[in-house]
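Colleague: Okay, here's the prediction I keep looking at, along with the sequence it came from:
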Amino acid sequence: MIKNILITGGAGYVGTMLADRLVTENKNVIVYDTFWYGNEKNLFGSNLNKIKIYKADIRNAGEFEKAIIENKVECVIHLACVSNDPSYELNPELGKSINYDCFENLVKISKDNGVQRFIYASSSSVYGVKEEDQVTENLSLEPLTDYSKYKALCEEILIKYIDKNFIGTVVRPATVCGYSKRLRLDLSVNILTTHAYFKNKITVFGGEQYRPNLNILDMIEFYVQALKYDSNLINGEIFNVGYENLKIKEIASLVKKIVEKDFVTETTPSNDNRSYRITSKKIADKLGFIPKNTVEDAIKSLYQNFENKTVANPFESDLFYNVQVMKRIYENK
Ligand SMILES: NC(=O)c1ccc[n+]([C@@H]2O[C@H](COP(=O)([O-])OP(=O)(O)OC[C@H]3O[C@@H](n4cnc5c(N)ncnc54)[C@H](O)[C@@H]3O)[C@@H](O)[C@H]2O)c1
């Protein structure tokens, strides 16, 4: 049974919730992160004494190796990256150095130091835009941006290193939604919910475009299960992980249903009619994994946290918006 787990990007939107969840599973959790979006105390609170923190950069090979060796890490869940197109495009050189250049070394260091499983968070954006209703893992990749292109290239690197003692798995998540202690409000469902609540207005651009969505609770559940799956089922495998493919206008209707406030929904024409859908049949058929939490549940979780004031007015802080934080970091403010 895998006990020692290092999460790169463990202080991110998905990572903070995953770290907490693994603590409840009695795992030894090591969070390796630059902590761009909040400090340890705010993000981990009472769990802080149960999580080992490395405030460090994945490009620092020496520090990464030290963390792997010191903690006898058995599984790496690699989430750290400049994690959306706008942040990446602010400084493509820095983005590439984090999202791609250091990746092979992370894999090598892990493999050379006894890590048994390496789980890589790629993205369903690697497909680009497809005509097919059912975008399966074996369709060709046509990434539209550098962020997606380097996600795809890292997948190939990881697969090159796998063997029977070093299990490598690629995860291609849909767009994640719902509440996290380190909240991202630059993701479609989260944006619409936040604008409805705090700005009393949402704008739907077009609306007919499909987006694949995944509740953050199911994202976390998948990583937890990935520690347990028989290695033959996941070694060298690529998995889409998504749940509901919804039109933007359908997401807007769900927000209308949940957020009990008077707000205006404005629909404007859009030039961006790119539509994305993925199927997650492979995780159901091969692994028996079926997401349980809906987009509606995600909107409820955000709404409740806004109502309880667990989240301050997000328009008064840049911490919820990756691109704004990255801008500050690049400008060294
Ligand atoms: N959230 C989504 O909708 C979604 C969808 C598909 C794929 N993914 C992938 O899942 C992963 C997690 O996404 P997220 O939403 O939690 O992102 P996030 O931006 O909230 O978290 C990324 C974390 O990585 C850290 N980080 C960045 N550069 C680093 C570096 N050089 N060294 C160490 N730490 C560094 C940041 O501080 C941050 O805490 C990412 O790889 C992302 O591309 C996310």
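Modeller: Structure received. Here the structure is a predicted model, which is why all the values come from computation and not from measurement.
Colleague: So which bits of the stretch 201-333 of the chain are right by the ligand?
Modeller: Contact residues (C-beta under 6 Å from any ligand atom) of the stretch 201-333 of the chain with the ligand: N322. C-betas here are computed from N, CA, C, even on glycine.
Colleague: How about the stretch 201-333 of the chain: which residue is closest to the ligand?
Modeller: N322 (5.3 Å; C-beta to the nearest ligand atom).
Colleague: Count the residues that sit near that residue.
Modeller: For N322, the neighbour count with other C-beta atoms under 10 Å is 24.
Colleague: Wait, it touches Y88, no?
Modeller: No. If you go by C-beta atoms under 8 Å, N322 and Y88 don't touch, sitting 9.5 Å apart.
Colleague: hang on, the earlier thing: who's in contact with the residue of the stretch 201-333 of the chain closest to the ligand?
Modeller: Each residue near N322 by C-beta atoms under 8 Å, 6 or more residues apart in numbering is listed here: 37, 82-84, 86-87, 184, 186.
Colleague: List just the nearest of these to the ligand.
Modeller: S83 (3.6 Å).
Colleague: And that closest one, what's its pLDDT?
Modeller: pLDDT for S83: 88.
Colleague: Roughly how far does it sit from N28?
Modeller: From S83 over to N28 the distance is 25 Å, taken as C-beta to C-beta, to the nearest Å.
Colleague: of these two, who's got more company?
Modeller: S83 (24 against 18).
Colleague: so what's the more buried one up against?
Modeller: S83 touches 9, 12, 147, 322, counting by C-beta under 8 Å, 6+ apart.
Colleague: Against K256, how distant is it?
Modeller: 29 Å.
Colleague: And for W36?
Modeller: 33 Å.
Colleague: now swap in D101 and tell me
Modeller: Counting by C-beta to C-beta - D101 and K256 are separated by 44 Å.
Colleague: now swap in V295 and tell me
Modeller: Distance, V295 to K256, by C-beta to C-beta: 13 Å.
Colleague: Averaged pLDDT, stretch 26-43. What do you get?
Modeller: 94.
Colleague: ok, now stretch 199-219?
Modeller: Mean predicted confidence for stretch 199-219 is 93.
Colleague: Please apply the same query to stretch 148-159.
Modeller: 97.
Colleague: Could you do stretch 57-75 as well?
Modeller: 98.
Colleague: From the rest of the structure, what touches it?
Modeller: 2-6, 8, 28, 30, 32, 34, 52, 54, 56, 76, 80, 97-98, 101-102, 105-106, 109-110, 113-119, 227.
Colleague: end to end, how far does that stretch reach?
Modeller: Counting by C-alpha to C-alpha, to the nearest Å, you get 18 Å between the two ends of stretch 57-75.
Colleague: do the same with stretch 80-88
Modeller: Start-to-end, stretch 80-88 (C-alpha to C-alpha) is 13 Å.
Colleague: Centre of the chain to that stretch, how far?
Modeller: The chain centroid and the centroid of stretch 80-88 are separated by 11 Å under C-alpha atoms, centre = their mean, to the nearest Å.
Colleague: elements contacting the host helix or strand of E93?
Modeller: For E93, the host element (DSSP states H and E) is helix 92-96. Other helices and strands packing on helix 92-96, by 3 or more C-beta pairs under 8 Å, 6 or more residues apart in numbering; DSSP states H and E, are helix 85-90, helix 146-161.
Colleague: Show me what counts as buried in that helix.
Modeller: Judged by neighbour count (16 or more other C-beta atoms under 10 Å), helix 92-96 contains these buried residues: 94-96.
Colleague: Closest to F306 out of those?
Modeller: For the buried residues of helix 92-96, the closest approach to F306 (C-beta to C-beta) belongs to G95, at 31.2 Å.
Colleague: quick one: contacts for the closest residue in space to that closest one that isn't next to it in sequence?
Modeller: The shortest distance from G95 to any residue other than its chain neighbours is 3.9 Å, reached at Y88 (C-beta to C-beta, 6 or more residues apart in numbering). Taking C-beta under 8 Å, 6+ apart, we find Y88 in contact with 82, 95, 99, 145-147.
Colleague: Same check on A284?
Modeller: With C-beta under 8 Å, 6+ apart, A284 has these contacts: I290.
Colleague: Looking at the helices and strands packed on helix 92-96, which is nearest to the ligand?
Modeller: Nearest to the ligand, of all the helices and strands packed on helix 92-96, is helix 146-161, at 6.8 Å by C-beta to the nearest ligand atom.
Colleague: distance between the closest one and the chain's centre?
Modeller: On C-alpha atoms, centre = their mean, the centre of helix 146-161 falls 16 Å from the chain's centre.
Colleague: Can you tell me what sits against stretch 39-50?
Modeller: Contacts of stretch 39-50 (C-beta under 8 Å, 6+ apart): 11, 16, 19-20, 23, 29, 31, 35, 51, 53, 55, 181-182.
Colleague: Now narrow those to whatever sits close to the ligand.
Modeller: 11, 35.
Colleague: ok, of the contacts of stretch 39-50, which come out buried?
Modeller: Applying 16+ other C-beta under 10 Å to the contacts of stretch 39-50 flags 11, 16, 19-20, 23, 29, 31, 35, 51, 53, 181-182 as buried.
Colleague: As a check, name the ranges of all strands in the chain.
Modeller: 4-8, 28-33, 51-55, 75-78, 117-121, 167-173, 175-177, 201-205, 210-215, 237-241, 245-247, 264-268 (DSSP state E).
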